[in-house]
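**Q** need coordinates for the below:
(chains A, B, C and D)
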Amino acid sequence: MGGKDFRLTHLDKLYFPEPGYTKRDLLAYYLGVAEFILPFLKDRPLVLHRFPNGAAGESFYQKDIGEGAPEWVHTFVIPSESSGRDTRYYVCDDLATLLHLVNLGCIEQHPWPSRIDSLEKPDYVFFDLDPTEGYEFDTIVAVARRFLKELDAIGLRAFVKTSGSRGIHLWLPLERRYSYEQVRTFAEIVARVVHDAMPEETTLERMVDKRPKGSISLDYLQNSFGKPLATVYTARPRPSATVATPLSPA
DNA sequence: GTATGGG
DNA sequence: CCCATACAACGCGGT
DNA sequence: ACCGCG
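**A** Numbers count the residues shown, from 1 in each chain, chains lettered A, B, ... in the order given. From the prediction side, this is the model:
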């Protein structure tokens, strides 16, 4: 693969026991959608969420490529504010890297919403509509439509995808002119407008156990430096092996 | 998932 | 040889 | 400073 050697291991390991999908199946999936997912990974630091023993097993997040990564992988070094050390992030720019990551047990792909040539300036803002226990899917749809309506009212057209778990993500491309803080503030304003319009159906409460049952949590805080978002076509570590899927808002 | 070290 | 263990994130906001 | 959250 372009002289980029790597080894695919444990191909028969069951990654999704319920439907019976193995790591080989997951690799085949990503091979099939590579041409669609790679453009969303290009030039972005990637946060890995690894499940070496499948979707139901123990998992961990990984930012630094660590030891033993192929020498040809593209990386981007970002100083960690808290630890003071440098972190060498993966940047997945090609199929070989994508499949290498899947081999590590990286079921999900979580790129930053900013690109390495302008890290401090996100090129999209997103809204994570996350349902609480006992929700109705119709409620999420109604809340998503309200977001689209409010954004349309100020001349903005957002894109929609299923998160692949239970919720819906909306995202809006931005010129790279605004800081994370500015983008987060904008997201908060829009979320408050929607919450004021649908106070029963939505919540801005951060504490999980204080959210009204059945309400949709509007999480705008994730629009922050170093905080990634599960991207389009990424597989999710759910028992049924769901996938984040772009939707037409029609 | 992989590298390492002990039994 | 095989098993056990170590290791693999961090920013934001509320208190 | 620490904790909950994603």
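**Q** how about chain A: which residue is closest to DNA strand D?
**A** Nearest to DNA strand D in chain A, going by C-beta to the nearest atom of the strand, is residue A:208, at a distance of 3.6 Å. The way it works is simple: take the backbone N, C-alpha and C, and place the C-beta from them, glycine included.
**Q** can I see the domain layout of chain A?
**A** A:14-112, A:124-219 (automatic domain parsing).
**Q** give me the sheet partners of the lengthiest strand in chain A and which way each runs.
**A** When chain A is parsed with DSSP state E, its longest strand is strand A:124-131. Here strand A:124-131 has these sheet partners by DSSP bridges: strand A:168-173 (antiparallel), strand A:216-219 (antiparallel).
**Q** what about the helix or strand following the last one, distance to the chain center?
**A** It refers to strand A:216-219. Using DSSP states H and E, the helix or strand that directly follows strand A:216-219 along the chain is strand A:246-247. Relative to its parent chain, strand A:246-247 has a centroid offset of 14 Å by C-alpha atoms, centre = their mean, to the nearest Å.
**Q** hmm, who's touching strand A:246-247?
**A** For strand A:246-247, contacts defined as C-beta atoms under 8 Å, 6 or more residues apart in numbering pick out A:159, A:160, A:161, A:162, A:232, A:233.
**Q** hmm, 6 Å instead?
**A** Identification of contacts with strand A:246-247 by C-beta atoms under 6 Å, 6 or more residues apart in numbering yields A:160, A:161, A:232.
**Q** could you do stretch A:31-43 as well?
**A** A:92, A:93, A:95, A:98, A:111, A:115, A:116, A:231, A:232, A:233.
**Q** the same query, at a cut-off of 8 Å, please.
**A** When contacts are defined by C-beta under 8 Å, 6+ apart, stretch A:31-43 is touched by residues A:30, A:91-95, A:98-99, A:109, A:111, A:115-117, A:231-234.
**Q** circling back: now mean pLDDT, mean neighbour count and distance to DNA strand B too, for the domains of chain A, in a markdown table please.
**A** Formatted as a markdown table, these follow (pLDDT from 0 to 100; neighbours: other C-beta atoms under 10 Å; distance: least, C-beta to the nearest atom of the strand, whole Å):
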| stretch | mean pLDDT | mean neighbour count | distance to DNA strand B |
| --- | --- | --- | --- |
| domain A:14-112 | 96 | 17 | 3 |
| domain A:124-219 | 97 | 17 | 21 |
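**Q** closest one to residue A:225 among the ones you listed?
**A** With C-beta to C-beta, the closest approach to residue A:225 among the domains of chain A belongs to domain A:124-219: 4.7 Å.
**Q** just to revisit the earlier point, could you dump the strands paired with strand A:124-131 to JSON lines with distance to DNA strand C?
**A** Below are the strands paired with strand A:124-131 laid out as JSON lines (distance: least, C-beta to the nearest atom of the strand, whole Å):
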{"stretch": "strand A:168-173", "distance to DNA strand C": "17"}
{"stretch": "strand A:216-219", "distance to DNA strand C": "10"}
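**Q** shouldn't residue A:232 be in contact with residue A:245?
**A** Yes - between residue A:232 and residue A:245 a contact is recorded at 7.4 Å, counting by C-beta atoms under 8 Å.
**Q** and these two? which has more neighbours close in?
**A** Taking other C-beta atoms under 10 Å, residue A:232 and residue A:245 do not tie; residue A:232 has more neighbours (22 against 13).
**Q** what about that one, distance to residue A:189?
**A** 25 Å (C-beta to C-beta, to the nearest Å).
**Q** do the same with residue A:73
**A** 39 Å.
**Q** same question for residue A:120.
**A** 21 Å.
**Q** likewise residue A:205?
**A** 17 Å.
**Q** repeat that for residue A:159.
**A** Using C-beta to C-beta, residue A:159 is found at 19 Å from residue A:189.
**Q** cool, and residue A:155?
**A** For residue A:155, the distance to residue A:189 - C-beta to C-beta - is 15 Å.
**Q** list the contacts of the closest residue to residue A:16 other than its chain neighbours.
**A** Take residue A:16 and drop its neighbours on the chain: the residue closest to it by C-beta to C-beta, 6 or more residues apart in numbering is residue A:241, 4.2 Å away. Applying C-beta under 8 Å, 6+ apart, we find residue A:241 in contact with A:15, A:16, A:18, A:19, A:21, A:55, A:235.
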